[in-house]
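**Q** I need the structure of the sequence given here:
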Amino acid sequence: MSGATTTIAPFAVRSVGARQLAGTGTLLSFNLRRDRVMIPVWVAVTALMVLSLPGSLESVYSTPAERADIARQLLTNSSLRATYGPVFSDSIGGLTAWRIGGYAAILAGVMSLLLVVRHTRDEEESGRQELISSAMVGRRAPLTAALLTALIANATLALLIAAGLAGRGAPGAAALGLGIAGVGAVFATLAANVAQFTESARLAKGLTGGLLGAAFVLRAAGDSATNDGSSPLTWLSPIGWLENVRPFAAERWWVLALFVAATALQGWLAYELAGRRDVGMSFFPTRPGPATGHLRTTGALAWRLQRGAVLGWSLGFFAAGIAFGGLTKGAADLVGDNAKTREIIERMGGQSGIEDAFLATMVGMFSMVAALYVVSSVLRLHAEETSQRAEPLLANAVGRLRWAGGHLAVAFGGTVLILLLSGLGLALGYGDEWGPILGASLAQVPAVWVLGGLAVLLYGLSPQLAMTAWGVAGAALLLGWIGPALDVPQGALDLSPFGHLPKMPGGGMEWTPVVVLTGIAVGLVGAGVAGVRRRDLST
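**A** This is a model prediction of the structure:
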């Protein structure tokens, strides 16, 4: 009997393991089908940001002497090291990795955490996971499929970056692509763990996003103190690991093992945690009522649901404003007599002095990033509807207009708040021009509102169309960020609402585009709300 048990036991273990993963392939195919727009758009935008930069750098720093000079200046500028990291090579590939590598890694991390939470905690919160688990689906199949979805997206991104930059040096291109994908994989598995501790998908995204921000802060603090990436703070951050891979500068391939080890360890922990809780539950369950405060209106409920996001965006913009405001004088020194760099900054920020043009450029960049906030806040309506939380609310004496109006007030009012705080941070960091900088920041509000209004319109027409608002916001961000550097024709830049606003501070105020864009935003919101009132709710 003992011998029989010994023979059968390994087979039993394999059978249990197979049952735990049953249905993974089907769920993976389903996930990829659901994300057939989101993943290609996110990967394409991130890859295009990286691949478009070498040409821009060649036009700005056309000779080896100019590139060597800029590299020497960067080593002595702690503010720029904190923003972008140290530079390890004055080649075009090395400058590309320095300038965009960290920010591409952040985008890969955000993409990964959104994908994993969407296919794990979001599914449990909506109740769909319980229904799926009642079929022949293994207990760990959903988590496995979610992680594989994120890993496929990151692998595709790495392949595009490696192939696109291979002409600058195949080893460096491969190192940069793998490093960016490695950051994405680390935050994919981190999100899988965070999702085990909260019953809210939105909170899981926020917490993981906060950890991603903390990783950037650690890297920035470390790099401001050293110019070779050797600070212990830098090594505590996955984004710091990326810079220490040193793409295009005698690559350190062994650093990639840190990504593999962190991904494997966090993945194992997520599997262990997932097997120790019930579907739909978490290790830190939501505290039952009664809720504190008063929720007598739909607006109060919308604020309760979104106040964490508004607070997080506001603090992030304020801190970033202080950082970039402090960079203004250093950036002016860095530009020096380089005519092409000056031309790009003046195209983005206006024909005023270089410091005002830089500040105007930062104001414009903050407004374009704020478009991501307004889209996410508007799409909270979509989340409430598809999770079927809106239907019980609307079954009472609450009209759709009041319900939608509460969330839209938070979305559009929050835009004003975060842009105001970004301007306040810029002025505080720069130490001058408080009034002009605050006025310039508020002048960007109508353009952000236009993209928010478009999100309302798409959601009003159909919940299935709502998610395409992310693509529109991403296109506006991409056009405004790299368009001037690539000498994109002004007609193409004018496709973005941001291209019509006055370049301030430094330039004069122009009320016509502000009024027109505000009117367009109001019209889009009105049409979207009308659509919400007329169509059926999702079931």
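
**Q** mind pulling up the pLDDT for residue 381?
**A** On pLDDT, residue 381 comes in at 85.

**Q** can you name the next helix or strand after the helix or strand hosting it?
**A** In this assignment (DSSP states H and E), residue 381 forms part of helix 380-386. Following helix 380-386 in sequence order, the next helix or strand is helix 390-394 (DSSP H and E).

**Q** what comes into contact with that next one?
**A** Residues outside helix 390-394 that contact it (C-beta atoms under 8 Å, 6 or more residues apart in numbering): 298, 301, 381, 384-385, 400, 403, 537. Just so you know, the C-beta spots here come from the backbone N, C-alpha and C atoms, and that holds for glycine as well.

**Q** contacts only, for the nearest residue to residue 471 once chain neighbours are set aside.
**A** Counting by C-beta to C-beta, 6 or more residues apart in numbering, residue 471 lies nearest to residue 41, which is 4.9 Å off, once chain neighbours are set aside. By C-beta under 8 Å, 6+ apart, residue 41 lies in contact with 470-471, 474.

**Q** go with 10 Å
**A** Contact partners of residue 41, counting by C-beta atoms under 10 Å, 6 or more residues apart in numbering, are 35, 111, 467-468, 470-471, 474-475.

**Q** which among those end up buried?
**A** Buried members of the contacts of residue 41, counted by 16 or more other C-beta atoms under 10 Å: 35, 111, 467-468, 470-471, 474.

**Q** let's have those in CSV, adding secondary structure.
**A** Shown next, in CSV, are those (DSSP: H, G, I helix; E, B strand; the rest coil):
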residue, secondary structure
35, coil
111, helix
467, coil
468, helix
470, helix
471, helix
474, helix
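
**Q** can you tell me how far residue 210 is from residue 42?
**A** Separation of residue 210 from residue 42 (C-beta to C-beta, to the nearest Å): 20 Å.

**Q** that older thread, need the buried ones among the contacts of residue 41 in a markdown table (columns: pLDDT and distance to residue 450).
**A** Listed next are these as a markdown table, based on pLDDT from 0 to 100; distance: C-beta to C-beta, whole Å:
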| residue | pLDDT | distance to residue 450 |
| --- | --- | --- |
| 35 | 86 | 27 |
| 111 | 91 | 25 |
| 467 | 78 | 18 |
| 468 | 81 | 15 |
| 470 | 79 | 15 |
| 471 | 79 | 15 |
| 474 | 77 | 15 |
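
**Q** tell me the one of those nearest residue 84?
**A** residue 111 (20.7 Å; C-beta to C-beta).

**Q** excluding chain neighbours, give the residue nearest to that closest one in space.
**A** In space, and not counting its chain neighbours, residue 111 is closest to residue 42: 4.6 Å by C-beta to C-beta, 6+ apart.

**Q** pull up the per-residue confidence for the one you found.
**A** 86.

**Q** contacts only, for it.
**A** 35, 107-108, 110-112, 114-115, 153, 157, 470-471, 474.

**Q** rewinding a little: now for the buried ones among the contacts of residue 41, which pair is the farthest apart?
**A** Taking C-beta to C-beta as the measure, the buried ones among the contacts of residue 41 span a maximum distance of 16.4 Å, between 111 and 468.

**Q** ok, back up a step: I'd like the contacts of residue 42 as TSV, with distance to residue 134 appended.
**A** Listed next are the contacts of residue 42 as TSV, based on distance: C-beta to C-beta, whole Å:
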residue	distance to residue 134
35	24
107	37
108	34
110	33
111	30
112	29
114	27
115	24
153	29
157	35
470	32
471	34
474	37
